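> Need a 3D model of the sequence below.
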Amino acid sequence: MTFEQALEKIGVNTEEVLARFSGNEMLMKKFILKFAEDKAFPDTKAAIAAGDKKAIELSAHTLKGVSGNLGFTALYEASAALVNAVRAGEDEKIQPLGEKVVALGNDVVSALLAVE
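As a prediction, this is how the structure comes out:
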């Protein structure tokens, strides 16, 4: 899979993200591909699996920021919803939102790791 195909599969608005990187395509590509190695997603998965609400809040908040900056809109929105649910004490929403974050994050990582 090409980098462009991966971005399309993830749903990245390339123009918007490229603007964040001042038009530097190589820098954008470098940071997007580094997401697969970033700790924010694995930390969030671990916190969700453990049911640790404080850890979920902290790691999902970090994931929200990273995914938002890189243009992973679906992952950003799910992470934001998860953080909001934890902060609001909406315990019944945490598990389903956590599952959604994990599924979307896995999709992003899989697409990035498939880039040739």
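> Please name every helix or strand in contact with the one helix or strand residue 96 maps to.
Taking DSSP states H and E as the criterion, residue 96 maps to helix 91-113. Contacts defined by 3 or more CB pairs under 8 Å, 6 or more residues apart in numbering; DSSP states H and E place helix 91-113 against helix 3-10, helix 40-50, helix 53-70, helix 73-88. For the C-beta atoms, the positions are set from N, CA and C on the backbone; glycine is no exception.
> Put together CSV for the ones you listed, with mean pLDDT, distance to residue 99 and mean neighbour count on each row.
Converted to CSV, those look like this (pLDDT from 0 to 100; distance: least, CB to CB, whole Å; neighbours: other CB atoms under 10 Å):
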stretch, mean pLDDT, distance to residue 99, mean neighbour count
helix 3-10, 96, 19, 17
helix 40-50, 97, 8, 18
helix 53-70, 97, 12, 20
helix 73-88, 98, 10, 20
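> Make JSON lines from those helices and add distance to residue 33 to it.
Converted to JSON lines, the helices and strands packed on helix 91-113 look like this (distance: least, CB to CB, whole Å):
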{"stretch": "helix 3-10", "distance to residue 33": "8"}
{"stretch": "helix 40-50", "distance to residue 33": "14"}
{"stretch": "helix 53-70", "distance to residue 33": "10"}
{"stretch": "helix 73-88", "distance to residue 33": "15"}
